[in-house]
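Chemist: Dropping a prediction and its sequence here:
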Amino acid sequence: MALKETLKQKIEEFRPRTTRLVKEFGKVKIDEVTIDQCIGGARDIRCLVTDISYLDPQEGIRFRGKTIPETFEALPKAPGSKYPTVESFWYFLLTGDVPTPAQVDEVCAEFKKRQVVPSYVWDTIRALPRDSHPMVMLSVGILAMQKDSKFCGFYNSGKFNKMTAWEYVYEDASDLVARIPIVAAFIYNLKYRGDFQIAPDPSLDMGANFAHMIGQCEEYKDVARMYFILHSDHESGNVSAHTTHLVHSALSDPYYAYSAGLNGLAGPLHGLANQEVLDWTLKFQEKYCKDKEPTKELITQALWDTLNSGQVIPGYGHAVLRKTDPRYTSQREFCLNTPGLKDDPLFKLVAMIFEVAPGVLTEQGKAKNPWPNVDAQSGVIQWYYGLREWDFYTVLFGVGRALGCMANITWDRGLGYAIERPKSVTTAMLEKWAEAGGRQ
Ligand code: CMX
């Protein structure tokens with residue numbers, strides 16, 4: 001069965017569960033809110049629903065119930081590769097089912113049709129100053145496509161229907177997911193390769209095609225597949241996923257929603273941390289190891305200098321995780337299993353930082369989680385393969401994150417989630433309730 005048909009069946013079967021929860025159990029309490037949470041970024045408040053992925057603080061992410069190794073193991077692999085295609089992962093994220101090879105082929109064929117980017121997108125990106133950050137270019141490129149949104153067209157058609165609205169989100173979401181690597185490759189070539197553009201190769205899957213379009217080697221095809229899958233989703237509360245969900249909840253179409261999500265991903269406490277990690281590591285080499293080899297002592301000194309100057313150690317810490325991020329571990333394993341990369345000086349340095357940084361953060365005593373997150377390990381792989389323009393790294397994150405965000409809002413519409421509108425209170429109210437020991 002084709003992906004959209006399978007999804008239609010799944011959404012229709014699922015709807016009664018959501019309806020029953022609201023109708024019969026709507027008043028059942030699942031959480032309480034403290035003043036800490038109110039001022040401290042809504043940490044840990046259970047008030048979002050998604051079945052696409054779940055983040056356990058100790059275990060890390062599960063996509064549709066599967067850990068990262070289980071996901072890689074279960075999905076059909078790209079030809080000649082140990083890694084699955086991004087297309088098979090997209091099917092899995094949307095439906096929760098492991099696709100058959102024939103179903104993957106169908107998605108690949110569909111993406112080929114969808115991946116044609118309108119030429120006005122290129123004109124729009126080219127009109128930006130060439131020294132704009134590539135995340136600005138990506139966000140603008142995605143937003144430019146809004147004018148052809150099928151969801152927006154449906155809304156304006158006068159025939160809007162809540163039960164079928166998700167189908168138009170699905171159409172936009174699939175177009176966006178199919179096109180975003182093409183847009184990203186265009187930006188890369190525009191900014192760093194003198195606008196030397198390479199046409200997509202219709203015989204290649206998404207990851208392989210991205211590698212081809214940025215002029216990368218054979219091995220990089222797996223890097224792209226792994227990278228896009230690992231960065232896809234981290235349940236709903238992170239800034240990029242939550243922003244996308246929030247903006248779409250106003251029935252803004254997927255282009256508006258994901259452009260906004262990308263703007264959140266571009267923050268240094270979120271997706272930009274991967275560029276910050278590379279920047280920190282190279283500056284460390286330059287400043288502390290000019291004429292000597294890096295040592296744990298020198299790294300410790302540099303980490304303390306960073307903390308004492310009021311900055312965060314990029315790539316470490318997490319709002320939910322309380323152990324080493326399995327996305328970090330997965331990329332580390334890729335490095336250890338790749339001859340050349342495992343002996344690369346920068347990888348060795350990143351590995352040495354891993355031995356030291358958790359201890360330094362623990363000694364400082366502020367971070368609730370001293371362990372590395374996804375961003376601590378991702379840049380070194382790109383660097384090794386010659387992708388050394390590290391301000392581009394968050395764009396790679398953005399290509400992957402599109403998968404999760406688009407799968408989520410397709411289901412948001414399928415289940416008819418409401419416009420998001422939490423209630424705010426004033427400081428005086430908090431002070432009054434604090435005195436009284438709780439809200440009266
Ligand atoms: N370096 C220094 N201080 C850190 C820290 C780090 N890596 N991680 C947390 N802290 C500090 C916080 O800044 C906070 O300090 P204040 O009390 O002075 O405000 C304190 O420790 C408590 O923070 P927390 O509850 O442990 O962490 P948060 O949930 O507030 O923040 C995160 C989470 C990721 C923003 C934070 O750990 C951080 O800034 N890390 C570095 C940036 C980074 O790697 N971001 C990428 C995260 C993954 C992603 O989204 O891509």
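Modeler: Yes, it's here. No experiment lies behind these values; they were computed from the predicted model shown.
Chemist: and the stretch 301-440 of the chain, which residues reach the ligand?
Modeler: 307, 312-319, 366-369, 373-375 (C-beta under 6 Å from any ligand atom). To be clear about C-beta, it is placed using only N, CA and C from the backbone, and glycine gets the same treatment.
Chemist: buried subset of those residues?
Modeler: 307, 312-319, 367, 369, 373-375 (16 or more other C-beta atoms under 10 Å).
Chemist: Report the closest residue of the stretch 251-400 of the chain relative to the ligand.
Modeler: Residue nearest to the ligand within the stretch 251-400 of the chain: Gly317 (2.2 Å; C-beta to the nearest ligand atom).
Chemist: Might you report the residue contacts of that residue?
Modeler: 361, 367-371, 373 (C-beta atoms under 8 Å, 6 or more residues apart in numbering).
Chemist: which residue ranges form the strands in this protein?
Modeler: Assigned by DSSP state E, the strands in the chain fall at 53-56, 60-63.
Chemist: Run through who's touching the last one.
Modeler: So that's strand 60-63. Residues contacting strand 60-63 (C-beta under 8 Å, 6+ apart): 52-56, 67-68, 71, 89, 92-93, 232-235, 321, 323, 325-327.
Chemist: can we see that at 6 Å?
Modeler: The contact list for strand 60-63 (C-beta atoms under 6 Å, 6 or more residues apart in numbering) reads 53-55, 71, 234, 326.
Chemist: ok, back up a step: which one of the residues of the stretch 301-440 of the chain next to the ligand is nearest Lys29?
Modeler: Nearest to Lys29 out of these is Ala319 (C-beta to C-beta; 23.3 Å).
Chemist: Name the nearest residue to that closest one, ignoring sequence neighbours.
Modeler: Counting by C-beta to C-beta, 6 or more residues apart in numbering, Ala319 lies nearest to Arg43, which is 6.2 Å off, once chain neighbours are set aside.
Chemist: Now for that neighbour, how many residues are close by?
Modeler: 12 (other C-beta atoms under 10 Å).
Chemist: any idea how far it is from Gly264?
Modeler: 16 Å (C-beta to C-beta, to the nearest Å).
Chemist: And Glu355, by the same measure?
Modeler: Noted for Glu355: a distance of 32 Å to Gly264, by C-beta to C-beta.
Chemist: show me the contacts for the residue most central in space within the chain.
Modeler: With distances taken as C-alpha atoms, centre = their mean, Arg401 lies nearest the centre of the chain, 2.8 Å away. Counting by C-beta under 6 Å, 6+ apart, Arg401 makes contact with 231, 240.
Chemist: okay, stretch 252-271 in PDB with CA atoms only?
Modeler: Output in PDB follows, covering the C-alpha atoms of stretch 252-271 (Å, rounded to 0.1, in the frame of the first residue of the first chain):
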ATOM      1  CA  SER A 252       0.000  28.200   9.400                       C
ATOM      2  CA  ASP A 253       1.200  25.900   6.700                       C
ATOM      3  CA  PRO A 254       4.300  23.600   6.900                       C
ATOM      4  CA  TYR A 255       6.500  26.200   5.200                       C
ATOM      5  CA  TYR A 256       5.700  28.900   7.700                       C
ATOM      6  CA  ALA A 257       6.000  26.400  10.500                       C
ATOM      7  CA  TYR A 258       9.300  24.900   9.600                       C
ATOM      8  CA  SER A 259      11.000  28.200   8.600                       C
ATOM      9  CA  ALA A 260      10.100  29.300  12.200                       C
ATOM     10  CA  GLY A 261      11.400  26.000  13.500                       C
ATOM     11  CA  LEU A 262      14.700  26.500  11.700                       C
ATOM     12  CA  ASN A 263      15.100  30.000  13.200                       C
ATOM     13  CA  GLY A 264      15.000  28.300  16.700                       C
ATOM     14  CA  LEU A 265      17.400  25.600  15.600                       C
ATOM     15  CA  ALA A 266      19.800  28.400  14.700                       C
ATOM     16  CA  GLY A 267      20.300  29.300  18.400                       C
ATOM     17  CA  PRO A 268      23.600  28.500  20.000                       C
ATOM     18  CA  LEU A 269      21.900  26.600  22.900                       C
ATOM     19  CA  HIS A 270      20.200  24.400  20.300                       C
ATOM     20  CA  GLY A 271      21.300  23.300  16.800                       C
END
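Chemist: Could I get the buried residue list for it?
Modeler: Buried, per 16+ other C-beta under 10 Å, within stretch 252-271: 252-266, 270-271.
Chemist: can you list the residues that contact that stretch?
Modeler: Under C-beta under 6 Å, 6+ apart, the answer for stretch 252-271 is 135, 138-139, 142-143, 145-146, 149, 151-152, 172-173, 176, 239-240, 243-244, 247-248, 272, 276, 394, 397-398, 405.
Chemist: from the strands of the chain, which stretch is densest packed?
Modeler: Counting by mean count of other C-beta atoms under 10 Å, strand 60-63 has the highest mean neighbour count of the strands of the chain, with a mean of 23.
Chemist: Centre of the chain to that one, how far?
Modeler: Mean C-alpha position of strand 60-63 versus that of the full chain (C-alpha atoms, centre = their mean, to the nearest Å) differs by 13 Å.
Chemist: How about that strand and the ligand, touching?
Modeler: No: figure legend: strand 60-63 not in contact with the ligand (C-beta under 6 Å from any ligand atom); closest approach 11.6 Å.
Chemist: cool, stretch 135-155 as well?
Modeler: No: if you take C-beta under 6 Å from any ligand atom as the test, stretch 135-155 misses the ligand, and the best it gets is 13.1 Å.
Chemist: Pull that stretch out as PDB, backbone CA atoms only.
Modeler: Output of stretch 135-155 as PDB, limited to C-alpha atoms (Å, rounded to 0.1, in the frame of the first residue of the first chain):
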ATOM      1  CA  MET A 135      20.700  29.100   8.300                       C
ATOM      2  CA  VAL A 136      19.200  32.400   7.200                       C
ATOM      3  CA  MET A 137      19.400  31.200   3.600                       C
ATOM      4  CA  LEU A 138      17.800  27.900   4.500                       C
ATOM      5  CA  SER A 139      15.000  29.500   6.500                       C
ATOM      6  CA  VAL A 140      14.300  32.000   3.700                       C
ATOM      7  CA  GLY A 141      14.500  29.300   1.000                       C
ATOM      8  CA  ILE A 142      11.900  27.200   2.900                       C
ATOM      9  CA  LEU A 143       9.700  30.200   3.500                       C
ATOM     10  CA  ALA A 144       9.800  31.300  -0.100                       C
ATOM     11  CA  MET A 145       8.100  28.000  -1.100                       C
ATOM     12  CA  GLN A 146       5.000  29.000   1.000                       C
ATOM     13  CA  LYS A 147       3.300  30.600  -1.900                       C
ATOM     14  CA  ASP A 148       2.700  27.200  -3.400                       C
ATOM     15  CA  SER A 149       1.600  25.600  -0.200                       C
ATOM     16  CA  LYS A 150      -1.100  22.900  -0.900                       C
ATOM     17  CA  PHE A 151      -2.400  23.200   2.700                       C
ATOM     18  CA  CYS A 152      -2.800  27.000   2.400                       C
ATOM     19  CA  GLY A 153      -4.500  26.500  -1.000                       C
ATOM     20  CA  PHE A 154      -6.900  24.100   0.600                       C
ATOM     21  CA  TYR A 155      -7.600  26.400   3.500                       C
END
